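Trainee: Kindly generate the corresponding structure for this input.
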Amino acid sequence: MRKRKIDTAYYAHSMRIYNSKLEKEEFDFINNRYKGKVICPNKELGELGDINKYLEIVKNCKEVYISEYHGMIGKGVFDECKTALNENIPVYIIRKDIDKKFYVLEVRDVERTKHLDFIRYGIVKTK
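Mentor: Have a look, this model is predicted:
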């Protein structure tokens with residue numbers, strides 16, 4: 001029997017922005033938008049070692065928010081997003097408009113790139 005999803009959102013983002021101003025701004029934006037608890041893996045989970053441990057957490061959340069790094073997503077964010085989509089959990093990408101204000105778009109899919117590294121691993125397809 002599947003666990004019931006808790007009123008939690010998950011913030012999937014590149015380790016390259018951990019402890020940065022951007023991470024704080026995006027996290028604050030999500031907290032203002034989502035009225036439940038928001039899990040930031042950098043702040044609350046630390047290094048769990050195995051991606052599957054993060055994916056199990058994602059599976060039990062009600063929403064997932066993702067962030068791009070230079071217009072792409074890394075392998076970890078890709079896997080977290082794909083897992084959420086496969087579990088029918090809404091996924092939203094955080095972007096900035098021309099006035100540098102955050103907004104979200106719903107994600108419909110992620111696609112693998114031709115790059116061979118884990119930083120430029122995928123791109124996001126929105127609705």
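
Trainee: For the lowest-mean-pLDDT helix or strand in the chain, which helices and strands make contact with it?
Mentor: When the helices and strands of the chain are scored by mean pLDDT, DSSP states H and E, helix 51-59 comes last with a mean of 87. If contacts are counted by 3 or more C-beta pairs under 8 Å, 6 or more residues apart in numbering; DSSP states H and E, helix 51-59 sits against strand 8-12, helix 75-86. For every residue, glycine as well, the C-beta is placed using N, CA and C.

Trainee: What is the neighbour count of D117?
Mentor: 10 (other C-beta atoms under 10 Å).

Trainee: for D79, that is, sorry about that
Mentor: The burial count for D79: 20, using other C-beta under 10 Å.

Trainee: pretty sure L105 is in a helix, no?
Mentor: No: under DSSP: H, G, I helix; E, B strand; the rest coil, L105 falls outside any helix and is assigned strand.

Trainee: That one pairs with what?
Mentor: Beta bridges link L105 to I93 when assigned by DSSP bridges.

Trainee: Next, count neighbours for it.
Mentor: As a burial measure, L105 scores 14 neighbours (other C-beta under 10 Å).
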